[in-house]
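Participant: Need coordinates for the following:
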Amino acid sequence: MPVILVLSLFIILLGLSLIISPKRKSPAHNSFSIIIPCRNEIHNLPTLFHSLDKLDYEKDLYEIILIDDASQDDTPKQIREYCENKPNYQSIIIEQKSADYKGKKYALKRGIEKAKFENLLFTDADCIVPTNWIDSFNKYLSNDIGMIVGYSPEKNVSTFRRFSQIITADFYCATINLGVPFSNNGRNLYINKDAYDHVDGFEKIRDITCGEDKLLLNLIKNTNYRIIYNSDCKVFTHPQVQDYVNQQKRRYGQFSLSSPLYKVVSLIIFLFFLYLPFHIIFYRDWLGPAIYYISFLFFWIVGLIKHKEIFCIFDLFYIIVYPYYLIYYSLIGMFSKWTWK
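Facilitator: This is a model prediction of the structure:
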């Protein structure tokens with residue numbers, strides 16, 4: 001019972017932290033470099049281009065840099081044609097994957113080196129950016145901010161996948177607001193170039209295949225730069241349908257990339273959920289689990305409000321099963337192989 005009460009209080013604290021919002025400075029319009037790596041994205045690029053064309057921001061205050069990361073389809077041709085005759089658009093074509101920088105780090109590095117502005121915005125080629133995307137980040141800028149983490153859900157997915165994406169964003173936001181950020185998402189992300197240079201960019205993490213966004217967060221949070229959360233706009237992405245299991249293994253199996261504090265807390269919570277069914281069966285105690293459930297429901301509802309999402313009746317059931325889903329994919333992600341695109 002005491003363990004359940006402690007965890008319930010912890011979850012309530014997370015829920016209360018979601019209420020915190022960074023102050024909007026409402027500054028003059030800043031300049032941004034938008035960096036988008038692409039690899040074999042021929043089917044997704046038209047949707048991305050359409051959303052980029054609708055960005056509502058002064059044209060001379062932003063540039064778009066599209067990097068082809070050694071695609072094997074017509075992606076290079078398509079991004080070249082799209083950038084042609086557009087003064088604030090650039091294309092970078094990488095002919096061969098880098099042996100020194102694993103994953104998409106080399107493509108990102110090339111894009112950052114090409115950027116002419118200090119404020120860097122990142123998304124992926126399979127995303128759809130909203131018209132107010134740049135402005136939503138501009139409102140939070142100040143010299144001491146090194147990273148701003150945004151929200152990026154998938155479009156038209158099952159109610160459970162929707163739940164898992166929102167709850168993940170809730171934890172991103174809560175831990176950032178508490179000053180102990182543990183992860184982020186590269187599909188909707190701002191990085192201050194000075195902060196990037198301060199941690200030597202990707203040099204310290206060049207050999208790790210994935211998680212460059214999370215790894216950069218871990219580096220920047222150990223500097224004097226602040227990390228904040230922006231829930232004002234959603235960058236939607238197309239759902240992964242062909243390789244869903246591999247995607248989940250890659251996403252949840254990055255335990256080794258986390259900070260020591262997060263590892264300890266995760267292990268305690270992992271053991272708690274393994275113990276909880278036995279506690280109910282052998283002690284016939286429903287009060288403790290009920291307190292835990294209500295605390296998690298509070299956290300969930302506050303998260304829905306924070307991210308402007310609608311309550312679904314199935315959420316009441318998903319609150320129970322999600323922790324075991326998370327544990328399952330974390331374990332198989334750590335102890336089985338997965339592939340990178």
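Participant: Residue ranges of each domain in the chain, please.
Facilitator: Domains of the chain are assigned by automatic domain parsing as 2-17+257-335, 32-251.
Participant: export those domains to a markdown table and tack on mean neighbour count?
Facilitator: For every residue, glycine as well, the C-beta is placed using N, CA and C. A markdown table is the format used below for the domains of the chain (neighbours: other C-beta atoms under 10 Å):
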| stretch | mean neighbour count |
| --- | --- |
| domain 2-17+257-335 | 15 |
| domain 32-251 | 19 |
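Participant: Would you mind saying which of those lies nearest Arg24?
Facilitator: domain 32-251 (4.6 Å; C-beta to C-beta).
Participant: correct me, but Tyr140 touches Arg24?
Facilitator: Yes. Look at Tyr140 against Arg24 with C-beta atoms under 8 Å: they come within range, at 6.2 Å.
Participant: List the residues that are in contact with both of these two.
Facilitator: Residues touching both Tyr140 and Arg24 (C-beta atoms under 8 Å, 6 or more residues apart in numbering): none.
Participant: Show me the shaky parts of the stretch 151-300 of the chain.
Facilitator: Within the stretch 151-300 of the chain, the ranges that satisfy pLDDT under 70 run 240-243, 249-259, 262.
Participant: where along it do the helices fall?
Facilitator: 159-177, 193-198, 212-220, 244-252, 260-283, 287-306 (DSSP state H, counting those that start in this stretch).
Participant: Can I get the first one in PDB? Just the C-alpha atoms.
Facilitator: If I follow you right, that is helix 159-177. This file holds the C-alpha atoms of helix 159-177, laid out as PDB (Å, rounded to 0.1, in the frame of the first residue of the first chain):
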ATOM      1  CA  THR A 159      -7.600   4.600 -30.400                       C
ATOM      2  CA  PHE A 160      -4.900   2.700 -28.600                       C
ATOM      3  CA  ARG A 161      -2.100   4.100 -30.800                       C
ATOM      4  CA  ARG A 162      -3.600   7.600 -30.300                       C
ATOM      5  CA  PHE A 163      -3.500   6.900 -26.500                       C
ATOM      6  CA  SER A 164       0.100   5.800 -26.500                       C
ATOM      7  CA  GLN A 165       1.200   8.900 -28.500                       C
ATOM      8  CA  ILE A 166      -0.600  11.300 -26.200                       C
ATOM      9  CA  ILE A 167       0.600   9.700 -23.000                       C
ATOM     10  CA  THR A 168       4.200   9.800 -24.400                       C
ATOM     11  CA  ALA A 169       3.800  13.500 -25.100                       C
ATOM     12  CA  ASP A 170       2.400  14.000 -21.600                       C
ATOM     13  CA  PHE A 171       5.500  12.500 -20.100                       C
ATOM     14  CA  TYR A 172       7.800  14.500 -22.300                       C
ATOM     15  CA  CYS A 173       6.000  17.700 -21.200                       C
ATOM     16  CA  ALA A 174       5.800  16.800 -17.500                       C
ATOM     17  CA  THR A 175       9.400  15.900 -17.100                       C
ATOM     18  CA  ILE A 176      10.600  19.000 -19.000                       C
ATOM     19  CA  ASN A 177       8.400  21.200 -16.800                       C
END
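Participant: what angle do it and helix 212-220 make?
Facilitator: If you take axes from the mean of the first three to the mean of the last three C-alpha atoms, to 10 degrees, helix 159-177 sits at 20 degrees to helix 212-220.
Participant: Does anything pack onto helix 159-177? Which helices or strands?
Facilitator: helix 2-17, strand 145-151, strand 226-234, helix 287-306, helix 315-335 (3 or more C-beta pairs under 8 Å, 6 or more residues apart in numbering; DSSP states H and E).
Participant: Which among these is found nearest to Phe273?
Facilitator: Closest of these to Phe273 is helix 315-335, at 4.7 Å (criterion: C-beta to C-beta).
Participant: Would you mind getting the angle between that closest one and helix 287-306?
Facilitator: 90 degrees.
Participant: what's helix 315-335 packed up against?
Facilitator: Helix 315-335 packs on helix 159-177, helix 244-252, helix 260-283, helix 287-306, going by 3+ C-beta pairs under 8 Å, 6+ apart.
Participant: got a list of contacts for stretch 7-21?
Facilitator: Residues contacting stretch 7-21 (C-beta under 8 Å, 6+ apart): 170-171, 173-175, 177-178, 231, 269, 272, 291-292, 294-296, 298-299, 302-303, 306.
Participant: on that earlier part again, who wins for proximity to Ser164 among the helices and strands packed on helix 159-177?
Facilitator: Set against Ser164 and scored by C-beta to C-beta, the helices and strands packed on helix 159-177 come closest in helix 315-335, at 6.5 Å.
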